[in-house]
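Student: Based on what follows, work out the 3D shape:
(one chain, ligands or ions: 2)
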Amino acid sequence: ADTLLRLDGLTTYYPIRKGLLGRVKGHVKAVDGVSLDIREGETLGLVGESGCGKSTIGRTILRLEESTGGQISYRGEDITRYSISKMRPLRTEMQMIFQDPFSSLNPWMRVRDILKEPMLAHGKATAATAEAEVDRLLDAVGIPRSYKDRYAHEFSGGQRQRIGIARALSLNPKFIVCDEPVSALDVSIQAQVLNLLKQLQKDLGLTYLFIAHGLGAVKYISTRIAVMYLGKVVEIGTKEDIFRNPKHPYTRVLLNAYPVPNPRLRGREKIVVQGDVPSPANPPSGCRFHTRCPFAQELCRQEEPPLAADASGHAAACHFAF
Ligand code: SF4
Ligand code: MG
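Tutor: Ligands and ions are numbered 1, 2, ... in the order given. Modelled structure (predicted):
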């Protein structure tokens, strides 16, 4: 499939100031040199512990944060420094679904207005056509049309996330950043929302960047998976590569935290990591994972391992990749 979106050495740093407006004394390197591509029609899962930079990547692509280096290309065009007016048509093509539907929807707005507002603002509907569009969107996400006069606060978590999805769809997007869209939902509801996202992808030809802290939902929905640690991608491959043949020790840590349904894989030696995630303001030298990696050698402290791919494109950043 064609590449829809490509990141080349993307960095997003935040200045750390001495006092509120004081001089800059360092940077939080939230995203620190990420290169990856997202292919048309696929779901790229992006996983890692909180604070590893995965949400920042999604927000930087959508220009909710400014990148500090590297390049973002969309359909082969460098959009990294696009002005607000040049970004405007892309703003409708690229949408975001947020983790917490409780805070991303105004609880005192009626559903019909939540859905109409972006369409009217972007000229995707007129006052005359918007009502029919609202019905179409509610049908698409499985909310009864008769509920459209209700306020957002009257809905359950799962229903609110469906409304959040409908709002993202209202501008006919091609690419959606799904930032932990099921993490805040009851387990019993998660599968329904994931199924809805899958169905919509198929029906509308959507491409997803699907962000999650664990591998559970990602396993269900992803085509390929990228694993992040402290602002960097440490492994990327197909879903099968990541689950059956993980090459990076950190990926194996994440897999061990996730119950393996296949008993054949249970015997795999478990890896235990020590300590906390270091600060992204002051990442460790060499391989950033060396302070916690049970396989770390002297080389790991000194030299940063490149993200090296095998012939099939399965890549890992480890001097001693499996
Ligand atoms: Fe562990 Fe060294 Fe590989 Fe880093 S490069 S993951 S420290 S073995
Ligand atoms: Mg996040």
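Student: Mean pLDDT per helix and strand in the protein: which one sits at the bottom?
Tutor: None of the helices or strands of the chain scores lower by mean pLDDT, DSSP states H and E than helix 101-104, at a mean of 75.
Student: Show me where the stretch 51-200 of the chain has its helices.
Tutor: Per DSSP state H, counting those that start in this stretch, the stretch 51-200 of the chain has helices spanning 54-61, 84-93, 101-104, 111-121, 130-141, 157-169, 187-204. These are given in chain order.
Student: who touches the last one?
Tutor: Contacts to helix 187-204, defined as C-beta atoms under 8 Å, 6 or more residues apart in numbering, come from residues 41, 43, 140-142, 156-158, 161-162, 165, 169, 178, 181-182, 185, 206-208, 217, 220-221. (Glycine included, C-beta is placed from N, CA and C.)
Student: Hey, what's the angle from the following helix or strand past that helix to helix 54-61? Just curious.
Tutor: Once the chain leaves helix 187-204, the next helix or strand it forms, by DSSP states H and E, is strand 207-212. An angle of 150 degrees separates the directions of strand 207-212 and helix 54-61 when computed by axes from the mean of the first three to the mean of the last three C-alpha atoms, to 10 degrees.
Student: what lines up beside strand 207-212 in the sheet?
Tutor: Based on DSSP bridges, the pairing partners of strand 207-212 within the sheet are strand 43-47 (parallel), strand 175-179 (parallel).
Student: Just tell me which of the ones you listed ends up closest to Val277.
Tutor: Minimum separation from Val277 across these (C-beta to C-beta) falls at strand 43-47, 14.0 Å.
Student: Asn282 against Val28, yeah?
Tutor: No - contact criterion C-beta atoms under 8 Å: Asn282 and Val28 do not qualify, at 9.4 Å.
Student: Give me the phi and psi angles of the closest residue to Arg23 other than its chain neighbours.
Tutor: What sits nearest to Arg23 in space, not counting adjacent residues and going by C-beta to C-beta, 6 or more residues apart in numbering, is Arg17, at 6.8 Å. When read as degrees, to the nearest 10, the backbone of Arg17 gives phi -110, psi 150.
Student: Then the one 4 residues further on?
Tutor: Recorded main-chain torsions at Leu21 are phi -120, psi 20, according to degrees, to the nearest 10.
Student: So what's the residue count around the residue of the stretch 51-200 of the chain found nearest ligand 1?
Tutor: With C-beta to the nearest ligand atom, the shortest gap between the stretch 51-200 of the chain and ligand 1 falls at Cys52, namely 14.6 Å. Other residues near Cys52 come to 25 when the count uses other C-beta atoms under 10 Å.
Student: just to revisit the earlier point, just so I know, which of the strands paired with strand 207-212 lies nearest His213?
Tutor: Across the strands paired with strand 207-212, His213 has its closest neighbour in strand 43-47 (6.7 Å, C-beta to C-beta).
Student: chain center to the closest one: distance?
Tutor: Taking C-alpha atoms, centre = their mean, to the nearest Å, one finds the center of strand 43-47 at 6 Å from the center of the full chain.
Student: hmm, back to that, mind putting the strands paired with strand 207-212 in a markdown table, distance to ligand 1, mean pLDDT and mean neighbour count included?
Tutor: What follows is those, written out as a markdown table (distance: least, C-beta to the nearest ligand atom, whole Å; pLDDT from 0 to 100; neighbours: other C-beta atoms under 10 Å):
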| stretch | distance to ligand 1 | mean pLDDT | mean neighbour count |
| --- | --- | --- | --- |
| strand 43-47 | 16 | 98 | 26 |
| strand 175-179 | 27 | 97 | 25 |
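Student: Let me have these in JSON lines, adding distance to Gln297 as columns.
Tutor: Rendered in JSON lines, the data for these read as follows (distance: least, C-beta to C-beta, whole Å):
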{"stretch": "strand 43-47", "distance to Gln297": "26"}
{"stretch": "strand 175-179", "distance to Gln297": "36"}
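Student: Of these, which is nearest Phe98?
Tutor: For Phe98, the closest of the strands paired with strand 207-212 is strand 175-179, at 5.7 Å, according to C-beta to C-beta.
Student: contacts for that closest one?
Tutor: Taking C-beta under 8 Å, 6+ apart as the criterion, the residues outside strand 175-179 that touch it are 4-5, 38, 55, 58-59, 61-62, 74, 93-99, 168, 197, 206-211.
Student: Whichever of those residues end up buried, select them in PyMOL.
Tutor: Only the buried members of those enter the following PyMOL selection, criterion being 16 or more other C-beta atoms under 10 Å:
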select buried, resi 4+5+38+55+58+59+61+62+74+94+95+96+97+98+99+168+197+206+207+208+209+210+211
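Student: Cool, thanks, signing off.
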